[in-house]
Structures are given as C-alpha cells and as structure tokens.
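A.B. asks: Predicted model and sequence follow; I will ask about them next.
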There are 2 protein chains.
Amino acid sequence: MDKAQIFQFISKQKTAFISSVNEQGYPVIRAVIPRIINGNEIYISTNTSSKKVKQYLSNNKACIYFYKRGKIKYQGVTMVGEMQVCTDQATKDKIWCFGDRLIYKKGVTDPDYCVLKFTGISAEYYCDLKIEKIEL
Amino acid sequence: MDKAQIFQFISKQKTAFISSVNEQGYPVIRAVIPRIINGNEIYISTNTSSKKVKQYLSNNKACIYFYKRGKIKYQGVTMVGEMQVCTDQATKDKIWCFGDRLIYKKGVTDPDYCVLKFTGISAEYYCDLKIEKIEL
C-alpha cells in the first residue's frame, strides 16, 4: 500500500476510532463518524464541552484507526498525528450537516459545536498478519 | 450500567481496540481479539517482538475499547488501565490455543509468543449520545 492507496482506503470507511492522551497520561479511545476524510486530513464534529476537546487542547497528540473486515481478509490503518480543535465559524460551516441540529440545538453557531481536525504524520497498514509503515 | 453490567457487556465482544502511548508520546490504536475477558482483566496474545510490547514495556498506560452496533442503538465501553507484558510460562500456557501454532511456530514456549494482561481502572459507557463513568 502506498500513500494514495491508504488515503483511498480510509476515505471509504464510515466509522473510525480516535485516541487522545488524558491528563494522567492514559490513552483514551472513542468511536467517531468522520465528516470529511481528505488525504491525511480528517474532520470530526464534536461538543466543545466534551472531555476529548479538553484533552486535545492540553495535548494535541492523537491517533485515528480505520478498519474493514472483509469476507477473506481484515484490513486496518492506524494513523498518528495531531488534532486541532477548530472553533472558527468557517470550519464549523464547512462540515455542518442539517441533522446536526438534533445535537447542537443552537445550530451552526452553537458554542457547544466545534470541529476536530486531525492531520496524520505516519500510518501503519495491517492486512492479516502483515504490517507496512507509510510516511504521509 | 453498573460495574457488573459493564463486565457482562465486554465479556460478550469478540474484538476490541487497544491503545498504547509510543516513544514520542503519541497514542497508537490497534485491533485485537481478546483471548480471556474476566471482569476488568483482559488477556491478549501477541508477538514479543511487536512494537506494542516495546511500547507497553516502556509505558504501561493503556486503553481498551469495546463496542456493539445494534439495529437500534450503538454501545461502546472505553476502559483505561495498565498493561502488563507477561512472558512467564504459566500465563502463556493459560491462554494458548491450538491454532496459535500457525503464528508462533515454536509452540507455547516460543520466545516470540507472549501475553498482554490489561487491568482496567475506570470505564466510560456510551449509549447513543449519553456517557456514564464507572470506577472499576
């Protein structure tokens, strides 16, 4: 898998798992639904008041994991990089979807709505028992 | 969800995602198939030469994530705790399965076969948009 193939693979996945590092130094995993997957840049909507926002503001080191369980083989991509918490209106507008109003009652300008922007630095691709490292 | 319910929920899951923290301080997620899930103690077989073993030996802070996507609701459990790398024969014997010989050619005494033992300290349970914290 080269960089382009990794990007193509992750762009097709609907869900992902992200990890932050909390105040005590423990990694913390959560499932997310990425809103935009564009190469090594991945955008996720979240609550500004959430613990992960607090953790990423204090420590921007992050990981995102994608996988596909096929009939024959299992494929996974773990990407490490940095997570930026975006509260600017342009970014909030960019990834807003109509249904988001169910979560963020005040709409696209809701102060409790913000965007996590992940930028990947390197990735590992897993296919069954093989591992390949890819610089991004 | 109380502690017993969390343990019951995770004991039924076939796959999980674990995170370590690497030498540069980045969290790193991988998918695993837990071998034994017994309350807050979870056993996973792995290669002694793997990066995650190196990372956990250097920093034992860990996270494990379980989820179930039902027809109606999504449930997830993220558990933070500590990961011990077990190379003693008793623990290796305990979780060995016949098919493991496909991976560890030298069998149950293969020096490249070892066991990760995770001990959870606290957990969060996610169901749709609600979060509950549980001390273990």
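C.D. replies: Yes, it's here.
A.B. asks: make it CA atoms for all contacts and neighbour counts henceforth
C.D. replies: OK.
A.B. asks: I'd say residue A:92 and residue A:107 touch.
C.D. replies: No. The pair formed by residue A:92 and residue A:107 falls short of the contact definition of Cα atoms under 8 Å, at 10.2 Å.
A.B. asks: Not counting sequence-adjacent ones, nearest residue to residue A:69?
C.D. replies: Distances taken as Cα to Cα, 6 or more residues apart in numbering or on different chains put residue A:75 closest to residue A:69, at 6.4 Å, once the chain neighbours are dropped.
A.B. asks: before we move on, which element is the one you found in?
C.D. replies: Using DSSP states H and E, residue A:75 maps to strand A:74-86.
A.B. asks: same for that strand, what does it pack against?
C.D. replies: helix A:51-58, strand A:61-69, strand A:113-127, strand B:27-32 (3 or more Cα pairs under 8 Å, 6 or more residues apart in numbering or on different chains; DSSP states H and E).
A.B. asks: Name every strand pairing with the last one and say which way it goes.
C.D. replies: It refers to strand B:27-32. strand B:16-21 (antiparallel) (DSSP bridges).
A.B. asks: what does chain A have sitting close to chain B?
C.D. replies: Residues of chain A found near chain B (Cα under 8 Å from any Cα of the partner chain) are A:17-21, A:25-31, A:61-65, A:76, A:78-81.
A.B. asks: Take those residues and, keeping just the buried ones, write it as a ChimeraX select command.
C.D. replies: One line in ChimeraX is enough to select the buried ones among the residues of chain A next to chain B; burial here means 16 or more other Cα atoms under 10 Å in any protein chain shown:
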select /A:17,18,19,20,21,26,27,28,29,30,31,61,62,63,64,65,76,78,79,80,81
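A.B. asks: how near is residue A:41 to residue B:122?
C.D. replies: Per Cα to Cα, to the nearest Å, residue A:41 is found 31 Å from residue B:122.
A.B. asks: in chain A, which helix or strand is least confident?
C.D. replies: Every helix and strand of chain A was ranked by mean pLDDT, DSSP states H and E. The lowest is strand A:130-135, at a mean of 91.
A.B. asks: So which residues make contact with that one?
C.D. replies: A:1-3, A:121-126 (Cα atoms under 8 Å, 6 or more residues apart in numbering or on different chains).
A.B. asks: just checking, residue A:91 touches residue A:115?
C.D. replies: Yes. With contacts counted by Cα under 8 Å, residue A:91 reaches residue A:115, the gap being 7.1 Å.
A.B. asks: low-confidence ranges in chain A?
C.D. replies: Residue ranges of chain A with pLDDT under 70: none are present.
A.B. asks: Can you report how many residues lie near residue A:92?
C.D. replies: 19 (other Cα atoms under 10 Å in any protein chain shown).
A.B. asks: Now do the contacts for it.
C.D. replies: Shown in contact with residue A:92 (Cα under 8 Å, 6+ apart): A:86, A:108-109, A:113-115.
A.B. asks: any idea which of the residues you listed is the one closest to chain B?
C.D. replies: For the contacts of residue A:92, the closest approach to chain B (Cα to the nearest Cα) belongs to residue A:113, at 14.0 Å.
A.B. asks: Distance of the closest residue to that closest one other than its chain neighbours relative to chain B?
C.D. replies: Spatially, and ignoring its direct neighbours in sequence, residue A:113 is nearest to residue A:47 (5.0 Å; Cα to Cα, 6+ apart). As for residue A:47, its distance to chain B is 11 Å (criterion: Cα to the nearest Cα, to the nearest Å).
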